[in-house]
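Colleague: Got a predicted structure plus its sequence, pasted below:
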Amino acid sequence: MHVKTIDEPLPLRQLNTLLSRLPKNASWRKLIEEDLAKRKAGLTGENSLDYYLPFLDQNDFIFQDLRLPTGSTFVQMDLLILTPAFILIGEVKNIAGTVTFDSKFQQFYRTYRDQEQTLPNPLFQVQRQKNRLLQWLQENRYPIVPILSLILFTDSRTRILAPDSFQSSTLPTIGHAEILPSTVETLKKQYPKTKLRPQTTNRLVEQLLKSHRPQRIAVMEKFGVTCADLIKGILCPTCKTGIMVRFGRSWKCPNCAEVDRTAHVHAIQDYAWLIKNEATNQELRHFLNISSRHVMKKLIHSMHLSLKEPYKSGKNNIYIIPD
Ligand SMILES: [Zn+2]
């Protein structure tokens, strides 16, 4: 059963928002656009796995894009398949060209258009995921189950090179996404012993879903952008460049003449994705470029934003902006 699909990733929306609020000639644009492209490729890879999921045993529980808190950190898994006998985690890679697992220095690199680039080694990535998932299961008092791993390349043109020693059974299986259904079947034969009773499995499924925390990036810190660098005001949702002005009880774009009653909602959302998901009336006025405290208050109330703490004096109220 496919119990969790891929989230619409918040980091992509955050990066797009950041680009929309930086001047056209800002020096950060190139790095941000590169990061965005990388994440989009990753997402395309994860999505293309969907084709193979219906071929899996539908009595098992399939999760995609799961992120769980463990201690002070998180474990993020592109794919998790829960069976009564084992848990299989999959790291999904969408990399063009030739990828090489080098056993001597434990490196991983890709060759593409005559260029060589060293990348984080997926073998270490899945090892960390395994350790953290094990920790999460122990923290939540589940019985010990074997945790197995897979590294899946979703671009069928990717050439994978690895030394023969990688055939060892202790290593994760590496291959193209199409090996997923047959690998699960093979593992089921290797691990036939039931470790989780049905009620424990159900509890685990529920807890995995409930514990999932979507990733959010500190997007400004990541690129060294400060609030002063951002374009303030309510950006026009149509032409994306005009700064809207108050027009009766609505907003109007001086650029394309678009009138939008709820344009401020997007701007407040921008604030949450870029800066923080809570704000005072004054902080929002500064970001939205609204001089009237009264107008701002009305807008906040119209959005039914909840207060972080019980109502005190109007000035110090902190409102929570949902994602
Ligand atoms: Zn416009």
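Modeller: Received, thanks.
Colleague: tell me the contacts of the residue nearest to Leu196 when sequence neighbours are not counted?
Modeller: Excluding the flanking residues, the one nearest Leu196 by Cβ to Cβ, 6 or more residues apart in numbering is Pro84, at 5.1 Å. The way it works is simple: take the backbone N, C-alpha and C, and place the C-beta from them, glycine included. Shown in contact with Pro84 (Cβ atoms under 8 Å, 6 or more residues apart in numbering): Thr194, Lys195, Leu196, Arg197, Pro198, Thr201.
Colleague: so who does Thr241 touch?
Modeller: With contact set as Cβ under 8 Å, 6+ apart, Thr241 has these partners: Leu235, Asn255.
Colleague: from the contacts of Pro84, which is closest to Asn255?
Modeller: Here the nearest of these to Asn255, counting by Cβ to Cβ, is Thr201; it sits at 56.1 Å.
Colleague: Could you check the pLDDT of that closest one?
Modeller: Confidence at Thr201, expressed as pLDDT, is 95.
Colleague: Hmm, Leu82 and it touching each other?
Modeller: Yes - if you go by Cβ atoms under 8 Å, Thr201 and Leu82 touch, sitting 6.7 Å apart.
Colleague: buried sites along stretch 226-245?
Modeller: Along stretch 226-245, these residues count as buried under the neighbour rule (16 or more other Cβ atoms under 10 Å): Asp229, Leu230, Lys232, Gly233, Ile234, Leu235, Cys236, Pro237, Thr238, Gly242, Ile243, Met244.
Colleague: circling back to that earlier point, nearest to the ion, out of the contacts of Pro84: which one, please.
Modeller: Proximity of the contacts of Pro84 to the ion (Cβ to the ion) peaks at Thr201, which lies at 52.5 Å.
Colleague: Output whatever helix or strand that closest one lives in in PDB with nothing but the alpha carbons.
Modeller: Taking DSSP states H and E as the criterion, Thr201 maps to helix 198-211. This file holds the C-alpha atoms of helix 198-211, laid out as PDB (Å, rounded to 0.1, in the frame of the first residue of the first chain):
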ATOM      1  CA  PRO A 198       0.300  -6.800  12.500                       C
ATOM      2  CA  GLN A 199      -0.700  -4.500  15.300                       C
ATOM      3  CA  THR A 200       2.900  -3.400  15.800                       C
ATOM      4  CA  THR A 201       3.100  -2.700  12.100                       C
ATOM      5  CA  ASN A 202      -0.100  -0.700  12.100                       C
ATOM      6  CA  ARG A 203       1.200   1.400  15.100                       C
ATOM      7  CA  LEU A 204       4.500   1.900  13.300                       C
ATOM      8  CA  VAL A 205       2.800   3.000  10.100                       C
ATOM      9  CA  GLU A 206       0.700   5.600  12.000                       C
ATOM     10  CA  GLN A 207       3.700   6.800  13.900                       C
ATOM     11  CA  LEU A 208       5.800   7.200  10.800                       C
ATOM     12  CA  LEU A 209       3.200   9.300   9.200                       C
ATOM     13  CA  LYS A 210       2.500  11.400  12.300                       C
ATOM     14  CA  SER A 211       6.200  12.000  12.900                       C
END
